[in-house]
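Asker: With the input below, show me the fold.
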Amino acid sequence: MEIIIEYFQSINPILAAFLATLFTWALTALGASLVFLFKGLNRAFFDGMLGFTGGVMVAASFWSLLAPGIEMSPGEGFIKVIPAVVGFTLGAFFLFGLDKILPHLHVNFKMSETEGIKTPWHKSTLLTLAITLHNIPEGLAVGVLFGAAAAGLDGASIGGAVALAIGIGLQNFPEGFAVAMPLRRQGLSKWRSFNYGQLSAAVEPIAAVLGAWMVLTFEPVLPYALSFAAGAMIFVVVEEVIPESQQERFTDIATMGFIGGFIVMMTLDVGLG
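Answerer: Here you go, the predicted structure:
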C-alpha cells in the first residue's frame, strides 16, 4: 500500500484521480462479469450489498469529505462550518435536480415507477442510468480529494484519497452485478448485460478528472467542493440506496450490511488517511 500511495504522490493529481477511478470502474466491470457465471440474483445478498454500499457512502461523506472540508475552512465557530453547509446543500440539490430530470429506473422496480422526464427509452438504458446517477458524486469525490491533497491543504492526503477509491471500488463490485443480472433475466445476451453493467461506472473517471481540475484551478472552492460531493452522496443514499434495500423481507441483512460498509470505509480512511 505504501508503494501505491508513493506512486500517486509522484504523478499529476488529475492523472491520479483518473487512474484511481479507472480502478473503481474496473471493479464495476468485474461485478458485471458475474453474469457469465450465475443465472440469478439472490435477493438477500443484493440487499446486504445495497446496505454495504450505503454504509460506505455515508462514512466516506463524513470521514473523507465533510471533516477535511471543515478542517480546511477559514474562521472559527459558526463561520468555519459555513462552506460545508453551503456545499452540502448545493450537492444535495444538484442530485435532486438530476433525479427529477434524468430518466432512470431503480433495480427491481416496475417500468411504471420510472423517474425523471417521460421517455420511450428501453428498460436496460433506464436501469443503467439509475446506477450512473449515483456514480457521479462518487467520481467527483475521488477527484476533489486528490486535488485537495495535491494542493497540500490540511485534512486531505493522498492516502485518504486512495482509501476513498478503494471503498468506492468495493461497493461498485455488487453494483455492476445488480445492473447486469436483471437485464440478463429480461432476455438480453450475456455480453450486452455485461456491457450495460460496466457502463454504469464509466462516468466516474470523467467526474474525477473534472473534480481534480476544478479544485486545482479554483483552490478557494475546495471546502465547498468536498461538501458538495458529500451532499450528493448522502442524497443518493437516502433517496435511493436505503429505500431499495428495505423493499423485501431482508431488512436486517441490509442494515447489517450498512454497518459493515461504514466500518470498512471508516477503517480505510483513518488507517490510510
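
Asker: Now do the same contact list for residue 51.
Answerer: Each residue near residue 51 by CB atoms under 8 Å, 6 or more residues apart in numbering is listed here: 245, 253, 254, 255, 256, 257, 258, 259, 260, 261. Heads up, the C-betas are built off the backbone N, CA and C, glycines and all.

Asker: so the residue nearest to the fourth one when sequence neighbours are not counted is in which element?
Answerer: Just to be clear, that refers to residue 255. Excluding the flanking residues, the one nearest residue 255 by CB to CB, 6 or more residues apart in numbering is residue 51, at 6.1 Å. In the assignment (DSSP states H and E), residue 51 maps to helix 43-59.

Asker: the helices in the stretch 1-150 of the chain, which residues?
Answerer: 2-10, 13-32, 43-59, 67-71, 78-101, 123-150 (DSSP state H, counting those that start in this stretch).

Asker: list the helices and strands the lowest-mean-pLDDT helix or strand in the chain packs on?
Answerer: In the chain, the helix or strand scored least confidently by mean pLDDT, DSSP states H and E is helix 123-150, which has a mean of 79. In terms of contacts (3 or more CB pairs under 8 Å, 6 or more residues apart in numbering; DSSP states H and E), helix 123-150 is packed against helix 13-32, helix 78-101, helix 158-185, helix 190-199, helix 203-217, helix 222-236.

Asker: how far away is residue 219 from residue 181?
Answerer: According to CB to CB, to the nearest Å, residue 219 and residue 181 sit 43 Å apart.

Asker: taking the helices and strands packed on helix 123-150 together, which one is wrapped up most tightly?
Answerer: Of all those, helix 222-236 has the most neighbours on average by mean count of other CB atoms under 10 Å, namely a mean of 28.

Asker: Just the CA trace of whichever helix or strand comes after it, in PDB.
Answerer: Next helix or strand after helix 222-236 toward the C-terminus (DSSP H and E): helix 242-245. Provided in PDB are the C-alpha atoms of helix 242-245 (Å, rounded to 0.1, in the frame of the first residue of the first chain):
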ATOM      1  CA  ILE A 242     -31.700   2.700   1.700                       C
ATOM      2  CA  PRO A 243     -35.300   2.500   0.200                       C
ATOM      3  CA  GLU A 244     -34.200  -0.200  -2.300                       C
ATOM      4  CA  SER A 245     -32.600  -2.300   0.500                       C
END
